[in-house]
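Novice: Sequence and predicted structure below; questions after.
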Amino acid sequence: MSDQPLEEVQERLNNLWTWLNEHGLASYDYADALSSSSLRKLTAKSWFAQRLAIQMVKRMPINPRLLLGIKPHLSSQTLALLCSARSWQYFGNYEGVTEETVKDTGTKLIADRIVCQDDLLWGLKLYFSTLESITNIQNI
């Protein structure tokens, strides 16, 4: 069996890691439409309008987030997946992946927690819509 596919996967993972580091690990969430203050104001009184706004931003063929003032943010899910991937690479003896790179990713994940009394939580730190109201998890 050739090592060519394995080397290609490793190269792609390294390219992805480089891109993520260049962007501070920040990205958009597919359901972050209500992070726009203008969309929140327009849809504040209607659960249906909130859901419609989320779906419209999510499914548009172009990315309207910059026009709506939605900024990329750090995602706990992304950090958890990266931590897992880096650990897998470390134990697979991938070139360039050291104990320090795994530790750095884990440290970022721990720092991205939500402190709620004595518990540590991870989750979406963006606005979302429920049947009752619009909520920001950081305000709970």
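Specialist: Thanks, I have the structure now. Numbers count the residues shown, from 1 in each chain.
Novice: how far away is R59 from S46?
Specialist: Per C-beta to C-beta, to the nearest Å, R59 is found 19 Å from S46. C-beta coordinates here come from the backbone N, C-alpha and C atoms, glycine included.
Novice: which one of these two has more residues nearby?
Specialist: S46 (12 against 8; other C-beta atoms under 10 Å).
Novice: Quick check: the more buried one vs P5, distance?
Specialist: 51 Å.
Novice: cool, and Y28?
Specialist: For Y28, the distance to P5 - C-beta to C-beta - is 30 Å.
Novice: Now A26: phi and psi?
Specialist: phi -90, psi 140 (degrees, to the nearest 10).
Novice: Report the beta-bridge partner residues of it.
Specialist: L74 (DSSP bridges).
Novice: That one and H73 touch, don't they?
Specialist: Yes: under the criterion of C-beta atoms under 8 Å, A26 makes contact with H73 at 5.7 Å.
Novice: Name the residue in the two with the higher neighbour count.
Specialist: Counted by other C-beta under 10 Å, A26 and H73 do not tie: H73 has more neighbours, with 17 against 12.
Novice: wait, doesn't the more buried one sit right on D32?
Specialist: Yes: in this structure, H73 is within contact of D32 by C-beta under 8 Å, at 7.4 Å.
Novice: got the buried residues for the top helix by length along the chain?
Specialist: The longest helix of the chain (DSSP state H) is helix 4-22. Neighbour-count burial for helix 4-22, counted by 16 or more other C-beta atoms under 10 Å, picks out 10, 13, 17.
Novice: which residues of this protein score low on pLDDT?
Specialist: 1-4, 113-140 (pLDDT under 70).
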